[in-house]
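**Student:** Sequence and predicted structure, then a few things I'm wondering about:
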Amino acid sequence: RAIRAAAGPGLVSEVPYQRSESRILSGVDAFVRDVEITGATGLFVVDSGAGLQLIGEELEERAFDASAVRFLGLGQWNSSETFKTFAFTGGWFPAPDPTAMKAFVDRYLQAFGTPPPPLAVLGYDAVQVAGQMAGDARLSGTSDPFSDAVLTRPTGFRGAAGPLRFLPNGQGERGLAVLEVGQGVFTVLDPAPTTFGAGS
């Protein structure tokens with residue numbers, strides 16, 4: 001739904017598939033055919049890990065010409081698994097700011113002696129946001145530090161890996177960077193914002 005809303009008429013084809021080897025390979029058949037028929041220039045692959053690797057290997061076996069296609073991915077591409085195939089080299093995906101994320105991981109390691117589990121940053125941000133709201137309420141003298149208006153303020157809050165905010169419709173937004181897949185390394189193409197502007 002998010003892709004349809006963002007792309008509008010620019011979305012020329014969709015290929016759903018179940019995450020099994022046979023269904024993924026059938027999906028590759030379908031989207032390779034659709035790219036050739038429609039002339040699509042962007043291919044958003046909503047998969048990661050072993051599924052993404054299988055798609056990449058199949059594309060390599062087919063000698064799929066990706067020179068005119070930009071692969072786009074999910075934040076889950078931010079993993080060494082993505083490098084297990086060369087098919088997605090040059091692809092773009094969103095991710096937390098690498099510098100900010102490394103700083104969080106380093107602080108966690110120093111405090112606990114082990115790398116943080118994947119959800120640790122969310123727990124940290126929950127406490128961080130509550131602390132910012134309480135601190136702001138003390139400064140302003142408000143009696144309701146956790147009101148809907150404060151929680152959904154347009155400028156959002158500081159998170160461990162960048163800014164975040166909550167929308168009145170219940171959804172959340174994070175300020176993310178755009179990374180490009182290279183040969184065993186991710187490059188920052190577009191840095192994450194450090195804050196949300198009031199009108200952004």
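**Tutor:** Happy to help now that I have it.
**Student:** in the chain, which spans are strands?
**Tutor:** Listed in chain order, the strands found in the chain under DSSP state E are 42-44, 70-72, 92-95, 157-159, 162-166, 172-174, 177-181, 186-190.
**Student:** Next, format those strands as CSV and append mean neighbour count, mean pLDDT and distance to Ala63.
**Tutor:** (Each C-beta comes from the backbone N, C-alpha and C, glycine too.) Formatted as CSV, the strands of the chain follow (neighbours: other Cβ atoms under 10 Å; pLDDT from 0 to 100; distance: least, Cβ to Cβ, whole Å):
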stretch, mean neighbour count, mean pLDDT, distance to Ala63
strand 42-44, 18, 90, 16
strand 70-72, 18, 93, 16
strand 92-95, 21, 95, 23
strand 157-159, 19, 91, 43
strand 162-166, 20, 93, 39
strand 172-174, 14, 92, 38
strand 177-181, 20, 96, 19
strand 186-190, 13, 95, 25
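**Student:** Dump those into a markdown table; add distance to Leu139 as well.
**Tutor:** Formatted as a markdown table, the strands of the chain follow (distance: least, Cβ to Cβ, whole Å):
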| stretch | distance to Leu139 |
| --- | --- |
| strand 42-44 | 43 |
| strand 70-72 | 42 |
| strand 92-95 | 33 |
| strand 157-159 | 15 |
| strand 162-166 | 19 |
| strand 172-174 | 24 |
| strand 177-181 | 31 |
| strand 186-190 | 34 |
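**Student:** out of those strands, nearest to Pro9?
**Tutor:** strand 42-44 (13.6 Å; Cβ to Cβ).
**Student:** Which pLDDT value goes with Gly135?
**Tutor:** What the model reports as pLDDT for Gly135 is 91.
**Student:** ditto for the one 3 residues further on
**Tutor:** At Arg138, the predicted lDDT confidence score is 89.
**Student:** any idea how far it is from Gly156?
**Tutor:** 19 Å (Cβ to Cβ, to the nearest Å).
**Student:** For those two, indicate the residue with more neighbours.
**Tutor:** The neighbour comparison of Arg138 against Gly156 (other Cβ atoms under 10 Å) goes to Gly156, with 25 against 10.
**Student:** nearest spatial neighbour of that one, skipping sequence neighbours?
**Tutor:** Arg165 (2.9 Å; Cβ to Cβ, 6 or more residues apart in numbering).
**Student:** What's the separation between the nearest residue to Leu179 once chain neighbours are set aside and Glu14?
**Tutor:** Ranked by Cβ to Cβ, 6+ apart and with sequence neighbours excluded, the top spatial neighbour of Leu179 is Phe186, at 4.4 Å. In this structure, Phe186 lies at 27 Å from Glu14, with Cβ to Cβ as the measure.
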